[in-house]
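J.: This is a predicted model, with the sequence first.
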Amino acid sequence: MTEIARQIAADLLDINAVTLSPSKPFLWASGIKAPIYTDNRRTIAFPKVRQHIADGLADYIKTTFPTATVIAGVATAGIPHAALVADRLGLPMSYVRSKPKDHGTGKQIEGQVTADDQVVLIDDLISTGGSVLGAAKAVQAAGATVLGVLGIFSYELPDSTKNFNDAKLSLHTLTNYSTLVELANEKHDITDAELASLKQWREDPWKWEA
């Protein structure tokens with residue numbers, strides 16, 4: 001675990017942005033039963049946590065994507081983090097809707113993205129990657145290059161790995177499921193048996209049973 005991964009994982013647990021419940025799983029819209037529920041929208045209400053996230057994302061971009069010309073948030077949860085990061089880096093910021101507007105000019109990208117731009121997309125949470133990969137397609141359709149996707153947290157599901165590989169896009173997150181559950185176990189928030197169950201879920205969520 002890197003220091004930033006532990007810090008962000010601890011932040012998410014501390015502000016109850018993540019709830020672990022291996023004995024009483026949540027039902028996701030996809031039909032998956034999950035021992036975890038994540039609401040990273042809570043992070044914007046906590047200045048210190050918000051700062052840790054923005055600093056971590058900005059530092060990552062400076063190191064990994066130094067040629068970035070635009071920071072784009074995925075609507076809606078990625079928008080505030082993209083704004084904070086763009087401000088830190090002194091770069092233009094845009095955001096990408098899930099689909100084009102059904103009125104006016106029908107834009108899907110707000111702000112400005114040109115064919116010369118190199119874009120880093122920011123989202124708060126990666127499950128299968130569907131929404132952010134849809135945003136990436138919109139940016140690519142505008143002629144711009146998507147350098148990669150940055151997120152706060154990933155469930156590290158097999159489907160997301162496949163989807164990003166198929167799209168030929170790189171995914172990077174400040175922290176992830178493995179780091180978070182290990183840290184929760186260290187803090188005695190979950191037992192060793194619950195940790196084992198949580199790890200089994202990540203390997204194959206469709207076959208997992210509480």
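T.: Perfect, thanks for sending it.
J.: which residues are in contact with the longest helix along the chain?
T.: Among all segments of the chain classified by DSSP state H, the helix with the greatest residue count is helix 47-64. Outside of helix 47-64, the residues that reach it under the criterion C-beta atoms under 8 Å, 6 or more residues apart in numbering are 4, 7-8, 11-12, 14-15, 43-44, 68, 71, 80-81, 84-85, 88-89, 120, 122, 148, 150, 152, 172, 174. Placement of C-beta: from N, CA and C, glycine included.
J.: Can you name the next helix or strand after that helix?
T.: Next along the chain after helix 47-64, taking DSSP states H and E as the criterion, comes strand 70-74.
J.: if we can go back for a sec, report the rounded mean pLDDT for the longest helix of the chain.
T.: On average, the pLDDT along helix 47-64 is 98.
J.: Now do the buried residues in that helix.
T.: Using 16 or more other C-beta atoms under 10 Å as the test for burial, helix 47-64 gives 49-50, 52-58, 60-61.
J.: would you turn those into JSON lines with distance to Met93?
T.: Written out in JSON lines, the entries for the buried residues of helix 47-64 read as follows (distance: C-beta to C-beta, whole Å):
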{"residue": "Val49", "distance to Met93": "20"}
{"residue": "Arg50", "distance to Met93": "16"}
{"residue": "His52", "distance to Met93": "20"}
{"residue": "Ile53", "distance to Met93": "15"}
{"residue": "Ala54", "distance to Met93": "12"}
{"residue": "Asp55", "distance to Met93": "16"}
{"residue": "Gly56", "distance to Met93": "17"}
{"residue": "Leu57", "distance to Met93": "12"}
{"residue": "Ala58", "distance to Met93": "12"}
{"residue": "Tyr60", "distance to Met93": "16"}
{"residue": "Ile61", "distance to Met93": "12"}
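J.: Could I get the full set of helices for the protein?
T.: In chain order, the chain shows helices spanning 3-14, 47-64, 79-89, 130-141, 158-167, 177-186, 192-203, with DSSP H as the criterion.
J.: just so I know, which of those helices lies nearest Ala34?
T.: The closest of the helices of the chain to Ala34 is helix 192-203. By C-beta to C-beta, the value is 6.8 Å.
J.: Show me what the closest one is packed against.
T.: Using 3 or more C-beta pairs under 8 Å, 6 or more residues apart in numbering; DSSP states H and E as the contact definition, the elements that helix 192-203 packs against are helix 177-186.
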